[in-house]
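Asker: take this sequence and fold it.
(chains A and B)
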Amino acid sequence: MIRAQRIIKNFGDQKVLNGIDFTFEAGKTNLVIGKSGSGKTVLLKILVGLFKPTSGNVWYDNIDLVTADKETLRELHMQVGMLFQGNALFDSMTIEENIRFPLDMFTTKTLKEKKEQVNLCLDRVSLNDINNKYPSEISGGMQKRVGIARAIVLNPKYLFCDEPNSGLDPQTSITIDELILNITKDNKITTIINTHDMNSVMEIGENICLIDKGYLAWQGNKEEVLNDKNEVLHDFIFASPFLQKLVESAKK
Amino acid sequence: MYYKETIRQMYDIGIGSFPIVFLISIFIGAVTSVQFYYQMAGTLIPPYYIGYIVRDMTIIELAPTITCLVLAGKVGSNMAAELGGMRQKEHIDAMEIMGVNTSAYLILPKLIAALLMIPILVCAAALIGIMGGYISSVPTGLFTSAEFIKGIRSFFVPYNVFMMMVKAFVFAFILTNVSCYQGYFVKGGSIELGEASTRAVVYSNILILLADYVIAIVLTA
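Answerer: As a prediction, this is how the structure comes out:
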């Protein structure tokens, strides 16, 4: 479980987050949704410790990330996996070396054991025989899956995904969503996904928070999304006229 | 991991920069020799003095300073662009989330590699520069081989080599730190990355020239 407690973040005079209070539940896919520029990415970066909040706390179970000392922070980071929007795969390393990187940094396993673990993770994301390829030699969807494989190689307790579907076709997006959901369920981890993909919201949104202009505008789950009367939520969900017409025709 | 990265950087800085250092050094030695011959022609100064002047100029000033100014352009801009690219592609963020001490992992190997390889390159530059002086003057008949070698072996002060090594270490330290700082803290997009790369070269060059002056004053006082 991760709890954001009264998170405020200012960049100079600009207020980006205004007292976000939300609990991201363990064993669930927690979605942070909102328009571009609403503060989602800043919240995610605060949750993983890349940004310090102006005020507020981030609780990983009973450890406060904001006040934690370096050693605690390092131990905590070893339990965190993150999939970046641009994948952040190291160009100069092969796929295998990319996935092996956290193992090289933090474990004393032999090379054979590390290779077995890498193959296990690649198998988990349905990728085979690409160990010796470079990130530039595989497709965007495959890069996402490699990113996920690297994020789960240390068996993290917490998985963060920043826009996992950006730049992917709808079918690959569904595959990635299903993969994240399965990993969350199988490993019983706390997964936080930053997205504005409505398909992801409706498919894997078990615990959703909507950020608008730096405020927590709504919270709920995928079953509540379509029927809730919250104005900000309504504007966000039905920004697409196509979806609006689809729901109206379904109601008729 | 740090060891492998340090070896990679040593290869990039040392082997990767050798051709340009070789080319510049040989021409610097050649031009120095030819121009001193031109300036001294018709004077009472014996020709072997040119060998002596080429040697000392190369060791004290040209090899460390010119080599490091060139390396600031080649290696420094490369370091700034590499780190800046990693920052922009979120590679540094990814490493930080994994718990990696990114400044130690990314900058320390570069610094160690530069401190080991740049003094070696400077020594090579000094040697090649003197060879350049020989090649440009002796076969062309400006003076004899015996005169040049006599000049090379005259009035040798080992302290000058010490001065060259001090300069090489200080300049290597400056160009690595300035370039890594510019790259590591880059913000924005490709334009800012280009600007950071340029700043890395310009600031390194200015600081190298300033340090050169300070070292000259301190070590010759």
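Asker: residue numbers of chain A in contact with chain B?
Answerer: Residues of chain A lying near chain B by C-beta under 8 Å from any C-beta of the partner chain: A:45, A:48-50, A:73-75, A:77-78, A:80, A:82, A:84-86, A:88, A:90-91, A:101-102, A:104-106, A:160. All C-beta atoms are positioned from the backbone trio N, CA, C, and that covers glycine.
Asker: residue B:70 against residue B:18, yeah?
Answerer: No. Counting by C-beta atoms under 8 Å, residue B:18 is not a contact partner of residue B:70; they are 11.7 Å apart.
Asker: who has more neighbours out of these two?
Answerer: When neighbours are counted by other C-beta atoms under 10 Å in any protein chain shown, residue B:70 comes out ahead of the other of residue B:70 and residue B:18, with 20 against 16.
Asker: ok, and what's touching the helix or strand where that one lies?
Answerer: Taking DSSP states H and E as the criterion, residue B:70 maps to helix B:67-71. Helix B:67-71 has contacts (C-beta atoms under 8 Å, 6 or more residues apart in numbering or on different chains) with B:13, B:17, B:20-21, B:24-25, B:118, B:121-122, B:125, B:167-168, B:171-172, B:175, B:205, B:208-209.
Asker: out of those residues, which sit inside helices?
Answerer: Counting by DSSP state H, the contacts of helix B:67-71 place B:17, B:20-21, B:24-25, B:118, B:121-122, B:125, B:167-168, B:171-172, B:175, B:205, B:208-209 in helices.
Asker: from residue A:6, how far off is residue A:157?
Answerer: Between residue A:157 and residue A:6 the computed distance is 24 Å (C-beta to C-beta, to the nearest Å).
Asker: now the helices for the chain?
Answerer: Defaulting to chain A. A:40-48, A:70-77, A:95-106, A:111-124, A:140-152, A:170-187, A:198-204, A:222-225, A:231-237, A:241-251.
Asker: that's the wrong chain, I wanted chain B
Answerer: Taking DSSP H as the test, the helices found in chain B are B:2-10, B:16-40, B:48-57, B:67-71, B:77-88, B:91-97, B:102, B:108-137, B:145-153, B:158-184, B:190-220.
Asker: give me the residue from chain B nearest chain A.
Answerer: Closest contact between chain B and chain A, by C-beta to the nearest C-beta, is at residue B:99 (3.5 Å).
Asker: tell me if I'm right that that residue and residue A:105 touch.
Answerer: Yes. With contact defined as C-beta under 8 Å, residue B:99 reaches residue A:105; the gap is 7.4 Å.
Asker: quick one, which of those two is more surrounded?
Answerer: residue B:99 (19 against 16).
Asker: how confident was the prediction at that one?
Answerer: Per-residue pLDDT puts residue B:99 at 81.
Asker: report the spatially nearest residue to it, omitting neighbours in sequence.
Answerer: residue A:77 (3.5 Å; C-beta to C-beta, 6 or more residues apart in numbering or on different chains).
Asker: so what's the residue nearest to residue B:106 when sequence neighbours are not counted up against?
Answerer: Setting aside the residues directly before and after it, residue B:106 is nearest to residue B:83 in space (C-beta to C-beta, 6+ apart), at 6.3 Å. Contact analysis of residue B:83 by C-beta under 8 Å, 6+ apart lists B:92, B:106-107, B:180, B:183-184, B:186.
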